[in-house]
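In: this one's sequence-less:
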């Protein structure tokens, strides 16, 4: 029986987090499909589903979900970074670099800066 109550959707979301952590992205996606069908505007659920798509090497699904998150939250540095990683895996380096740089500009974490190739002498790109 499909989940119907808000409590069921919270349980499904939490279970999807656990499935993703246990390296079962397909199981997580299945649970999140129900949550998103009931709450299509839920950005957290979409971000988790995007991560599950990425983990399951479903790059088109990941790209679409990360893009939807960024439409709603253009300043979400993690979503930019994750979308960049998605483009990187899809062999789209120009698109990846754009989102790596946006992520680093929004949140100058060392891993974001490294991926964006910021830094080095005088702020020059590192190759």
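Out: The structure has been received and is ready for your questions. Predicted, not measured: the structure shown is a model, and the values here were computed from it. Numbering: from 1, shown residues only.
In: in the protein, where is pLDDT below threshold?
Out: 1-3, 119-127 (pLDDT under 70).
In: helices of that one, start to end?
Out: Per DSSP state H, the chain carries helices over the ranges 6-21, 25-38, 43-55, 59-72, 77-89, 93-106, 110-116.
In: adding mean neighbour count, write the ones you listed out as TSV.
Out: No exception for glycine: its C-beta is placed from N, CA and C like everyone else's. Shown next, in TSV, are these (neighbours: other C-beta atoms under 10 Å):
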stretch	mean neighbour count
helix 6-21	16
helix 25-38	20
helix 43-55	22
helix 59-72	19
helix 77-89	22
helix 93-106	18
helix 110-116	17
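In: was I right about residue 12 contacting residue 29?
Out: No: using C-beta atoms under 8 Å as the test, residue 12 is too far from residue 29 to be in contact (11.4 Å).
In: contacting residues around the residue lying closest to residue 118 once chain neighbours are set aside?
Out: Distances taken as C-beta to C-beta, 6 or more residues apart in numbering place residue 104 nearest to residue 118, at 5.5 Å, with adjacent residues excluded. Residue 104 is in contact with 77, 112-113, 115-116, 118, counting by C-beta atoms under 8 Å, 6 or more residues apart in numbering.
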